[in-house]
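> Sequence first, predicted model second:
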Amino acid sequence: MQTKPVQQKSQGLGRYADGAIPIAHQQSAEAAVFESKERFRRFVERSADAVAMVDCEMRYLSVSRRWETDCGLGAGEAIGRSHWELFPNLPEYWQQNARACLAGVLEYSEFVLARSSPSLAENIGGGCLSASVKWVFQPWKNSEGAIGGLILFAFERAEDIPQTNCYNKFQSEVKSKQLETRPQLTQIALENVADTVFFTTSDGQICYANKAACHLFGYSESELLNLSVSDIDSQLSALDWPAHWEQLKQQKNITFETSYKTQDGESFPVEVKVNYLEYGGCEYRCAIARDISARQAAESALLEAKEQLQAVLDAVPGLVSWVSSDLRYLGVNRHLATAYQMPAELFAGQKVGFLETSPKFNDLVYDFFANPEKKTSQEVTASIRGENKTYLIVAQKYHKSTAAVFVGVDITASKQSLLALQESEERLRQQAAKLEQTLLILQQTQTQLIQTEKMSSLGQLVAGIAHEINNPVSFISGNVSHATGYIQELLRSIDLYEKYYPHPVPEIQALMEELDLEFIKKDLPKLLNSMKVGSERIRDVVRSLRLFSRTDEAQMKTADIHECLDSTLLILQNRLQAKGGRPGISLVKEYGNLPRVRCYAGQLNQVFMHLLTNAIDALEEGGRNPEKYGKMQNQSFLSSGGSGAKNFHPEIRIRTEVVGDSEVAIAISDNGPGMTEEVLGCIFDPLFTTKCPDTSTGLGLAISQHLVVEKHGGELHCVSLPGQGTELIVKIAIGND
């Protein structure tokens, strides 16, 4: 057996499908909510069609006489029996939809069986076995509104029965019975529909009213039938009725809103749908009214909320607009309309960008709807009455991203303030940098003044000491030569005496043996020669001190660079000697052929003193802590002859040469521990030092750079690598015209 679904709708009883079968109508379904089981049972029993009423377990509660006849059952034989017992061959689809109706998923369902079930087809239609059966069923509800079971209809499909006398007879019987059943169903629907239904004659007299009308107006049915439309419709008087009737006859149906009055005199708004009907030669007005108090209250609340929202948005100190996904304005607030001097109503429906004042805002709207993001914010520049302003636009989508609200806050003043603040900060940074530079210059100047004062005092002290030493040294040096001559003459006299008087008296012989005259004769010339060398050494030191101090040279003068270097080395000679477990420092001079250079010789001596002292300190530190600096190389960056050595031999190399046609270069290098890149970047900073604080001596490179660069217009460079020594190169102009 196969089934064919014909209809499945959410409607109630009240019409016939295909012109022959009663179908569930919406109004009947709503009325069934309030019907009791007994009323449905009576309806089923009195029906002329094949109708049955079952409970939720599909057990028969009531059947029509036609149902019993068609199924071949005796009176009351079906009551209490299961539907599946009488119809065991119904398809699964039929059962599924029956369960759906019982569960409240479907309000009614229709099916056409391709072949009749044996138990029913043998009897329906007087034995016409070729007929197919159409099933119609819908739920019925008890007085509490719960589904109590199903009402079943079974009818033959007239078009499937052969055109025989048997068929014609059956068709006429079915139609006559349907005509009897239809008014009953219609009456049930009208009586139990939730809306107010009443009929009036052409003069406005009420001739029919359903239960809902009686309940709504507070009248009994008989009282309501004695009233006219003008008695219950406060806006339709007896004088207005003729015009209303003529309009209805012309238009056939009218929908309008009005106010109805109850028996207590209370009024309430309704929506009325009226239709013009003709039946039995008479004219009628069918009115279906629905109370719209709740709807009007909701509309009023919605309007109030809309007005409140509009008031809030108008109070927002910014430009607010609503835009749909088709890029058209839905509305704007008062500030935006005022900004563009246009009524707010003119924006609705306009394409975004129709004002042509902010292309960036247009791009923002287009991009925002093209992307899945729900929120965004961006700064946009817009022209408002010829003035460019900057707005922070915040956008939010709503209505499932079919629309968005855009709020623009004017940040022009904030941007200008921020720009002014940034400019002020930049000026302050520049001033701070200048102050820092000034402070650095002051520190350098202070250092230079202190150094200059020290050097001036030292120069004066050295000059005074040199002068004081020079006088006695000159006296000693000058008399040593005379004393040497005198002593040589005395020794020659003693030799002559021994030659001619070889045997002196015992007393003289004893004295000569006591004095060891032979030793004195050999050692005394050596003693006098040592005194002469020592006096010359003192004289050279004094001369070097005078050359180093140069207190008498306040102006630039030509000087011998090599003489300046030698005078400095002579002062530092003691530090080059071996001491404290450190071997002596080798001094390698690679002097080139330099011309005399126009310079401040005393200042250059000071520079050479700092460079050589730092080299000696580095070599001494490297000798004391070789593990701190790693393996050191015995080479010079400037010299070409240096090479690495396995053992550490401290060495200072001085090389001079002419650079180009107008400069001389003096390079002082050592094979000490060298410096890291970090230290190398700080060596020319004032007061910076790498030496032990106990020495209280800085590097002196800041003052050296000042003397070379600013005083002589030259250059001072340093090249150093960790473990590979350090080299400082001084370049100054020759300066001779």
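Here it is on my side, so go on.
> In the protein, which helix is the longest?
helix 412-500 (DSSP state H).
> for the record, mean pLDDT for that one?
Taken as a whole, helix 412-500 has a mean pLDDT of 77.
> Where in this structure is the helix or strand with the lowest mean pLDDT?
Scoring the helices and strands of the chain by mean pLDDT, DSSP states H and E places strand 15-17 at the bottom, with a mean of 31.
> And Ile387, its phi and psi?
Just so we're on the same page, residue 387 is Glu rather than Ile. Dihedral pair for Glu387: phi -110, psi 130, per degrees, to the nearest 10.
> The one 3 residues further on too?
In this entry, Thr390 is assigned phi and psi values of phi -110, psi 130 (degrees, to the nearest 10).
> count of neighbours near it?
17 (other Cβ atoms under 10 Å). In short, each C-beta sits where N, CA and C put it, glycine included.
> Next up, the contacts around it.
Glu379, Val380, Thr381, Asp410, Ile411, Thr412, Lys415 (Cβ atoms under 8 Å, 6 or more residues apart in numbering).
> Same check on Asp291?
Going by Cβ under 8 Å, 6+ apart, Asp291 touches Thr196, Leu216, Phe268, Pro269, Val270.
> Make a PyMOL selection of the buried ones in these.
A single PyMOL command is used to select the members of those judged buried by 16 or more other Cβ atoms under 10 Å:
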select buried, resi 196+216+269+270
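> For the stretch 251-400 of the chain, just list every one of the strands.
With strands called from DSSP state E, counting those that start in this stretch, the stretch 251-400 of the chain shows them at 253-261, 267-279, 282-291, 319-324, 329-332, 375-384, 387-398.
> and these as TSV, adding mean pLDDT and distance to Asn97?
Shown next, in TSV, are those (pLDDT from 0 to 100; distance: least, Cβ to Cβ, whole Å):
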stretch	mean pLDDT	distance to Asn97
strand 253-261	90	35
strand 267-279	89	33
strand 282-291	88	31
strand 319-324	87	43
strand 329-332	86	45
strand 375-384	83	48
strand 387-398	85	41
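> just so I know, which of the ones you listed lies nearest Arg66?
Proximity to Arg66, assessed across those by Cβ to Cβ, is greatest for strand 267-279 (28.6 Å).
> related to what we said a few turns ago, in CSV, list the contacts of Thr390 along with neighbour count.
Shown next, in CSV, are the contacts of Thr390 (neighbours: other Cβ atoms under 10 Å):
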residue, neighbour count
Glu379, 13
Val380, 18
Thr381, 15
Asp410, 18
Ile411, 16
Thr412, 14
Lys415, 15
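> Gln250: which of these is nearest?
Val380 (57.9 Å).
> dump the residue contacts of the closest one.
So Val380 contacts Ser358, Lys360, Phe361, Leu364, Thr390, Tyr391, Leu392, Ile393, Gly408 (Cβ under 8 Å, 6+ apart).
> Please apply the same query to Asp231.
Neighbours of Asp231 in contact, by Cβ under 8 Å, 6+ apart: Lys261.
> Repeat that for Val664.
Ile561, Leu594, Pro595, Val597, Thr656, Glu657, Val658, Lys731, Ile732, Ile734.
> same deal with Ile206?
Phe198, Phe199, Thr200, Leu224, Leu225, Asn226, Leu227, Ser228, Val229.
> Can you flag the buried ones in those?
For the contacts of Ile206, buried by 16+ other Cβ under 10 Å: Phe198, Phe199, Thr200, Leu224, Leu227, Ser228, Val229.
> got these as CSV, with distance to Asp670 columns?
Formatted as CSV, the buried ones among the contacts of Ile206 follow (distance: Cβ to Cβ, whole Å):
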residue, distance to Asp670
Phe198, 123
Phe199, 126
Thr200, 127
Leu224, 127
Leu227, 128
Ser228, 129
Val229, 125
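> closest to Ser321 among the residues you listed?
For these, the nearest to Ser321 is Val229 (49.3 Å; Cβ to Cβ).
> what are the phi and psi values for the closest residue to the closest one other than its chain neighbours?
Closest residue to Val229 apart from its sequence neighbours, by Cβ to Cβ, 6 or more residues apart in numbering: Gly204 at 4.6 Å. Gly204 adopts backbone torsions of phi 90, psi 10, taken as degrees, to the nearest 10.
> mind checking how far Gly204 is from Thr262?
As judged by Cβ to Cβ, to the nearest Å, Gly204 and Thr262 stand 19 Å apart.
> Compare those two (neighbour count), which wins?
Gly204 (20 against 13).
> give the contact list for the more buried one.
Gly204 neighbours (Cβ under 8 Å, 6+ apart): Ser228, Val229, Ser230, Ala238, Trp241, Trp245, Arg285.
> re earlier: now the contacts of Thr390 in a markdown table, with distance to Ala301?
Shown next, in a markdown table, are the contacts of Thr390 (distance: Cβ to Cβ, whole Å):
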| residue | distance to Ala301 |
| --- | --- |
| Glu379 | 39 |
| Val380 | 36 |
| Thr381 | 41 |
| Asp410 | 34 |
| Ile411 | 37 |
| Thr412 | 40 |
| Lys415 | 42 |
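> Between these, which sits nearest Leu587?
Nearest to Leu587 among those, with distances taken as Cβ to Cβ, is Lys415, at 69.1 Å.
> Nearest residue to the closest one in space, please, no chain neighbours.
Distances taken as Cβ to Cβ, 6+ apart put Thr390 closest to Lys415, at 5.1 Å, once the chain neighbours are dropped.
> Report the separation between that neighbour and Val380.
Taken as Cβ to Cβ, the span from Thr390 to Val380 is 7 Å.
> ditto for Glu221
Look at Glu221 and Val380: by Cβ to Cβ, they are 70 Å apart.
> now Thr69
Thr69 is 83 Å from Val380, where distance means Cβ to Cβ.
> What of Ile147?
The spacing between Ile147 and Val380, counted by Cβ to Cβ, is 60 Å.
> repeat for Leu680
Leu680 is 52 Å from Val380, by Cβ to Cβ.
> Do I have it right that Val658 meets Leu594?
Yes. With contact defined as Cβ atoms under 8 Å, Val658 counts as touching Leu594 (6.5 Å).
> For the helix or strand Val405 falls within, name the packing helices and strands.
Applying DSSP states H and E as the criterion places Val405 in strand 403-410. Secondary-structure packing of strand 403-410 (3 or more Cβ pairs under 8 Å, 6 or more residues apart in numbering; DSSP states H and E): strand 319-324, helix 359-370, strand 387-398.
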